[in-house]
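Engineer: need a 3D model of the following:
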Amino acid sequence: FFFFLSFLLSFCRCILLRLLMCIESRTSGELVAVIAHRSDDYLYIPVLWAALSALIVPGPLLFFDVTGVSFSVLQVATFLIAAALLRWPVLKMRFIPREVKRRRAALMAKEQFLEQNLHHTAQRNGILIYISVAEHYVELIADKGVNDVVPLGTWDTLVQQLLGHIRQGEIEVGLITTVRQCGDILEQHFPAMARDINELPNHLVEITEPN
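Structural biologist: Just a heads-up that it's a prediction; the model follows:
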């Protein structure tokens with residue numbers, strides 16, 4: 001799936017770059033789209049579930065006449081097998097609590113807003129579109145200048161529209177549509193001015209491995 005995602009982004013990258021360049025010419029605002037394959041490696045998840053499995057699975061043997069050695073061997077074997085299976089990304093994500101995934105993706109979105117320097121614009125008019133595929137998470141983060149002039153609920157509406165496209169397997173359509181809509185918002189409230197300086201590179205960022 002992630003190979004397909006990278007291919008998809010490569011295919012629509014030219015379209016997005018042209019769209020971002022067009023937006024850049026029409027507004028003084030700044031727009032960055034970030035797509036992360038996942039927001040965390042969750043390296044501790046296989047260990048936690050494997051340890052729990054090692055404690056629970058051999059439990060019924062306590063009711064039989066078995067040696068301590070065989071019980072210990074079974075625990076070790078259970079731990080190793082469970083840890084190996086849960087390293088498979090698709091299976092691992094199913095064992096991560098939804099709230100843990102949501103919090104980690106939300107934190108990653110905020111980190112990307114800062115890392116892309118969207119908080120450093122003179123008019124506080126930067127917008128981040130953040131998609132974390134493995135967590136099925138989408139967030140739009142706008143700086144104060146944008147939030148002060150945009151009607152309440154605008155970002156929630158755009159997020160739900162983008163999630164709808166993603167659920168239907170239309171990541172590229174959803175992303176292009178959302179970029180265009182965010183560009184329209186920036187153009188409406190922050191039109192390009194004479195001698196306007198592009199403060200940040202308007203671009204698409206793909207994160208294949210979280211930091």
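
Engineer: in stretch 111-126, which of the residues would be classed as buried?
Structural biologist: Q112, F113, Q116, L118, T121, Q123, R124, N125, G126 (16 or more other C-beta atoms under 10 Å). C-betas here are computed from N, CA, C, even on glycine.

Engineer: so the residue nearest the centre of the chain bridges to which residues?
Structural biologist: Central residue of the chain (C-alpha atoms, centre = their mean): S132, 1.8 Å from the mean position. Beta-bridge partners for S132, by DSSP bridges, are A36, Y137.

Engineer: now do the contacts for it.
Structural biologist: A36, R38, S39, A105, M108, A109, V138 (C-beta atoms under 8 Å, 6 or more residues apart in numbering).

Engineer: identify the residues contacting S53.
Structural biologist: T78, F79, A82.

Engineer: using the three-state scheme, assign the last one.
Structural biologist: With DSSP: H, G, I helix; E, B strand; the rest coil as the basis, A82 sits in helix.

Engineer: kindly report the same for A194.
Structural biologist: coil.

Engineer: and the pLDDT for it?
Structural biologist: pLDDT recorded at A194 is 70.

Engineer: do you know how far it is from S28?
Structural biologist: As for A194, its distance to S28 is 11 Å (criterion: C-beta to C-beta, to the nearest Å).

Engineer: more neighbours: the two, which one.
Structural biologist: S28 (20 against 4; other C-beta atoms under 10 Å).

Engineer: please look at that one and A192 and confirm they touch.
Structural biologist: Yes. Using C-beta atoms under 8 Å, S28 is in contact with A192, at 5.7 Å.

Engineer: and the strands in this protein, which stretches?
Structural biologist: 30-36, 126-132, 137-142, 204-207 (DSSP state E).

Engineer: among the ones you listed, which is the most enclosed?
Structural biologist: Most buried of these, by mean neighbour count (mean count of other C-beta atoms under 10 Å): strand 126-132, with a mean of 25.

Engineer: pull the distance from that one to the chain's centre.
Structural biologist: 9 Å (C-alpha atoms, centre = their mean, to the nearest Å).

Engineer: which of the buried residues of stretch 111-126 sits closest to A50?
Structural biologist: Q112 (31.2 Å; C-beta to C-beta).

Engineer: what's the spacing between the nearest residue to the closest one once chain neighbours are set aside and L114?
Structural biologist: Spatial nearest neighbour of Q112, chain neighbours left out: V34 (4.9 Å); criterion: C-beta to C-beta, 6 or more residues apart in numbering. Distance from V34 to L114, counting by C-beta to C-beta: 12 Å.

Engineer: okay, and the beta partners of A142?
Structural biologist: Going by DSSP bridges, A142 forms beta bridges with I127.
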